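Novice: quick one, fold the following:
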Amino acid sequence: SSQELRHEGGCVPEGLADRLNDSLYRMRGTDYTPPRCAALSGKIGEQVRCGIYEWRPNPCRELEPASFGCDRARIKHGLAPLGPGYIF
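Specialist: Take a look at the predicted model:
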């Protein structure tokens, strides 16, 4: 949401977000083909990291390792799901 952007008192830099409407933003790159968040660095399947991990928006905080959403994203990128029993 717009409240998570710096100019609204949040922590996400405006340059990393694309505006969808008056109150909703999305991390830049997440709606591209193929999707890749602008805050992600590294090579998928090898080693990646979020460049704004401490300040990531709520949807990113909700995507936990081995969750359904995480496994779905991994499968889209040709990676095996982490699934049940994954040790963090």
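Novice: remind me, longest helix of the chain?
Specialist: Selection of the longest helix in the chain by residue count, based on DSSP state H, yields helix 68-76.
Novice: ok, and for that helix, which residues are buried?
Specialist: The neighbour-count check on helix 68-76 (16 or more other CB atoms under 10 Å) flags C70, D71, R74 as buried. Glycine gets a C-beta too; all of them are placed from N, C-alpha and C.
Novice: likewise stretch 24-39?
Specialist: Buried residues in stretch 24-39, counting neighbours by 16+ other CB under 10 Å, are found at Y25, M27, R28, T30, C37, A38, A39.
Novice: which residue in these has the weakest pLDDT?
Specialist: Minimum pLDDT for those is recorded at T30 (88).
Novice: my read: that one touches C37, true?
Specialist: Yes - under the contact definition of CB atoms under 8 Å, T30 touches C37, with a separation of 5.3 Å.
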